[in-house]
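> Below are the sequence and a predicted model; questions follow.
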Amino acid sequence: LLERVGQRDMAAFVEVYRRYARAVYSLALSILRDGMAAEEVTQDVFLKVWRQPELYRPERGKFAAWLLTVARHHSIDRLRKERRSFAVPAGDDLAQRLRTDEDEGPDDIAWLHAMRQAVLSALASLPPPQQEVVRLACFHGLTQAEIAAHLQQPLGTIKTRMRLALRRLRLFLESQGMEM
Amino acid sequence: VRLITCDDAGELLPAYVLEALDAEERQALEAHLAACAPCREELRALQQVAAALALAVSWQQPPAHLEERVRVAAAQEAGLSPLPGSLTDLAPLPTSAPRWAVSATRARRTLLRGAAGAVAAALVLGAVGATGWWGWQQHVSNRQLRAALARYQQALSRVGQGQVVVYELQPDPGAEGARGHILVNPSETVAVLMVNNLPPLPAHMVYQVWLIRDGQRESGGFLYVSESGAGMAVVSAPQPLSSYQAVGITPEPKGGSPGPTAPRVMGTRLT
């Protein structure tokens, strides 16, 4: 598909968009908490694919992983440029997200769902303080220092929690045979 | 930049993949990564975890108009027509009409078959001119645009099956300088019509396309033009187009008329 995108095949590009737009848009929206800004980031991310699909290197992992890394980078970049004050929403219930079926839709592909379910389960298995740190960094674009200030905890504590959380998530995903 | 060890790097990597390091730590880590292959391996593994985590956000469906916006922006960058699907697969549209394409259609009637028909469609679209096309596109709302593009795609694929005849529309007094073409597959009931430099109408008026059969005028639908006078229409005929002898365009009150009420601005015989 990406090869066809490289040949300026609009139908292939639209197919790529349809498969991944929801994941990219949701991530941008989660970090930026602004629909217009999330739309712009989504557009930038997909135009990057259109302009230079060769930036994705298959030997380094799945396309979705690369795309979401780009999406996170663009979102956080924008968040920090705008220096928006971070008002972190309190209600962010993972268990709720695990239960609700938000996954219907023709744009998604099966393994993206499977991966999402695995990640949600992995996150839910973390001790709540680790979950909190991951949530603030990952879904809301806070730096470790900002998280420490927000939670009124020492920076060292935050660093440790983040390290432990990622190690545990990695082991969990590996044990499930889930690879991005 | 501060020099760090692999142990330090290992401590920083989790926050790095979540972009949660401050600038100084990030620079130190990036300098280390540039020189340390094992740490780059570790980075890749953690990047996968971070990417997977990105899937755990609350999923929201992007607004429907975003797909069109992205598609149009991509087409604009590539200098392509934003027509979806098969047509753009066939040939990148020229931003201005190649001379030979214009001269081919200047002969009043050009006969093409099969894929050549679809390519001709693409070339005629090119002949409408990129500026006109974009002007037209900005003229309509996203919802209208999506619906229209879907109709063009469908119509072009039908018109492009088998024999395609391209007729040049002739301007009448009051529309001097207007140019246009209609792509007809005589065995089909749809045709695609494109115009350029047709005088724009006030909001309460619309161009209506007429198909003429044995002296009777049947409505073929509406033609909307942009401020620059460019427009496209899917002409929908009650009968296969082989049964009509001519096509004409007149300005009519918004909503259309049962029969033409004003002098013709463009038209051609279909024989």
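Great, that's in hand. The shown structure was predicted, so the numbers you read here are calculated from the model rather than taken from an experiment.
> what residues are up against B:Leu55?
Counting by Cβ atoms under 8 Å, 6 or more residues apart in numbering or on different chains, B:Leu55 makes contact with A:Ala23, A:Leu68, A:Leu112, A:Met115, A:Arg116, A:Val119. The C-beta positions use only the backbone N, C-alpha and C, and glycine is treated the same way.
> so what's it closest to, chain neighbours aside?
Nearest residue to B:Leu55 in three dimensions, chain neighbours excluded: A:Arg116, at 4.2 Å (Cβ to Cβ, 6 or more residues apart in numbering or on different chains).
> Determine the set of other helices and strands touching the helix or strand encompassing that neighbour.
Using DSSP states H and E, A:Arg116 sits within helix A:110-124. Using 3 or more Cβ pairs under 8 Å, 6 or more residues apart in numbering or on different chains; DSSP states H and E as the contact test, the elements touching helix A:110-124 are helix A:10-32, helix A:94-99, helix A:128-134, helix A:155-175, helix B:37-54.
> Low-confidence ranges, the chain, go.
Since no chain was named, I'll use chain A. A:83-109 (pLDDT under 70).
> wrong one, I was asking about chain B
For chain B, the stretches flagged by pLDDT under 70 are B:78-154, B:158, B:160-162.
> What ranges does it have for its helices?
Remark: helices assigned in chain B by DSSP state H are B:6-17, B:23-35, B:37-54, B:64-78, B:86-90, B:99-106, B:115-128, B:130-139, B:142-159.
> From the centre of chain A, point out the most distant residue.
A:Gln7 (28.1 Å; Cα atoms, centre = their mean).
> which stretch among the helices and strands packed on helix A:110-124 comes nearest B:Leu21?
helix A:155-175 (9.8 Å; Cβ to Cβ).
> helices or strands next to the closest one in the packing?
helix A:110-124, helix A:128-134, helix A:144-151, helix B:6-17, helix B:37-54.
> List the contacts of the residue nearest to the spatial centre of chain A.
With distances taken as Cα atoms, centre = their mean, A:Leu27 lies nearest the centre of chain A, 4.9 Å away. A:Leu27 is in contact with A:Leu68, A:Ala71, A:Arg72, A:Ser75, B:Ala54, B:Val57, counting by Cβ under 8 Å, 6+ apart.
> 10 Å instead?
A:38, A:41-42, A:45, A:67-68, A:71-72, A:74-75, A:138-139, B:51, B:53-57, B:59-60 (Cβ atoms under 10 Å, 6 or more residues apart in numbering or on different chains).
> still on that earlier bit, I'd like the helices and strands packed on helix A:155-175 laid out as TSV, including mean neighbour count.
Converted to TSV, the helices and strands packed on helix A:155-175 look like this (neighbours: other Cβ atoms under 10 Å in any protein chain shown):
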stretch	mean neighbour count
helix A:110-124	18
helix A:128-134	20
helix A:144-151	18
helix B:6-17	20
helix B:37-54	20
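> In strands only, show me the contacts of A:Leu27.
Per DSSP state E, strands hold no members of these.
> Filter those down to the buried ones and hand me the ChimeraX line.
Per 16 or more other Cβ atoms under 10 Å in any protein chain shown, the buried members of the contacts of A:Leu27 correspond to this ChimeraX selection:
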select /A:38,41,42,45,67,68,71,72,74,75,138,139 /B:51,53,54,55,56,57,59,60
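> how about the helices and strands packed on helix A:155-175, which one is nearest B:Ser236?
When the helices and strands packed on helix A:155-175 are compared by Cβ to Cβ, helix A:110-124 sits nearest B:Ser236, at 39.7 Å.
> Convert that closest one to CSV, retaining C-alpha atoms only.
The C-alpha trace of helix A:110-124 is given here as CSV (Å, rounded to 0.1, in the frame of the first residue of the first chain):
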residue,chain,number,x,y,z
ALA,A,110,-8.4,-6.4,13.3
TRP,A,111,-4.9,-6.3,14.8
LEU,A,112,-5.3,-2.7,15.7
HIS,A,113,-8.2,-3.7,17.9
ALA,A,114,-6.4,-6.7,19.3
MET,A,115,-3.4,-4.5,20.1
ARG,A,116,-5.6,-1.9,21.7
GLN,A,117,-7.3,-4.4,23.9
ALA,A,118,-4.0,-5.9,24.9
VAL,A,119,-2.6,-2.4,25.8
LEU,A,120,-5.7,-1.5,27.8
SER,A,121,-5.4,-4.8,29.7
ALA,A,122,-1.7,-4.1,30.3
LEU,A,123,-2.4,-0.6,31.5
ALA,A,124,-5.1,-1.9,33.8
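> quick check: angle from that helix to helix A:155-175?
Angle, helix A:110-124 to helix A:155-175, by axes from the mean of the first three to the mean of the last three Cα atoms, to 10 degrees: 140 degrees.
> between helix A:110-124 and helix A:10-32, how big is the angle?
10 degrees.
> what about the residue farthest from the centre of chain A, distance to A:Glu54?
Between A:Gln7 and A:Glu54 the computed distance is 12 Å (Cβ to Cβ, to the nearest Å).
> Just to check, A:Leu142 is in contact with B:Asp22?
No - in terms of Cβ atoms under 10 Å, A:Leu142 does not count as a neighbour of B:Asp22; the distance is 11.5 Å.
> Appreciated, that's everything.
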